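A.B. asks: Kindly return the folded structure for what I paste below:
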Amino acid sequence: MDRVKTAYFFKKLRNVLLKKQEASSLTETIVATTIILIVFAIATLSLNNILENTIQRDTSEIESILDQYAYKYMHQKIKIPASYEHGDWFVKIDNDKAKTEEIHIVLIEATNKRTQQKVLKKIIGDEN
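C.D. replies: Numbering: from 1, shown residues only. The predicted model follows:
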């Protein structure tokens, strides 16, 4: 009896596996491939644009340099007014024009020469 069931099972399996499948036409395949390529190209260009903008807006390196200048100023290693260049950045160190009599404010400002992006750091201390 088991032999009959096994033979019947394999006969059904062969019929399922050997059944003719309908294929898509060449035109349908080309259209589907073209749509996939267009979507892939748009996604690639969008990701490239996002990454490029992220890199351009990154100011962590110049902020680290401004911290170094602030440290040097606080320990009397540099005199003000002063200006420096670091790659595309122009750094200017100067007294704040709107200072009061008791408080001394020093501005350290970096400006990107290409994008005109500015990063500002203030140091507030006594006039003494």
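A.B. asks: which residues of the protein fall in helices?
C.D. replies: 2-17, 26-57, 60-74 (DSSP state H).
A.B. asks: what's the most buried one of those?
C.D. replies: Highest mean neighbour count of the helices of the chain: helix 60-74, a mean of 14 (counted as mean count of other Cβ atoms under 10 Å). For the C-beta atoms, the positions are set from N, CA and C on the backbone; glycine is no exception.
A.B. asks: what sits against Arg114?
C.D. replies: Each residue near Arg114 by Cβ atoms under 8 Å, 6 or more residues apart in numbering is listed here: Asp88.
A.B. asks: What's the separation between it and Ile93?
C.D. replies: 21 Å (Cβ to Cβ, to the nearest Å).
A.B. asks: Could you break the chain into its assigned domains?
C.D. replies: Split into domains by automatic domain parsing, the chain comes to 2-57, 60-126.
A.B. asks: center of this protein - which residue?
C.D. replies: Nearest to the geometric centre of the chain sits Thr54, at 3.2 Å (Cα atoms, centre = their mean).
A.B. asks: for that one, what are its contacts?
C.D. replies: Neighbours of Thr54 in contact, by Cβ under 8 Å, 6+ apart: none.
A.B. asks: what's the neighbour count on Gly87?
C.D. replies: 11 (other Cβ atoms under 10 Å).
A.B. asks: got any ranges where this structure has weak pLDDT?
C.D. replies: Scanning the chain for pLDDT under 70 picks out the ranges 1, 21, 97-102, 125-128.
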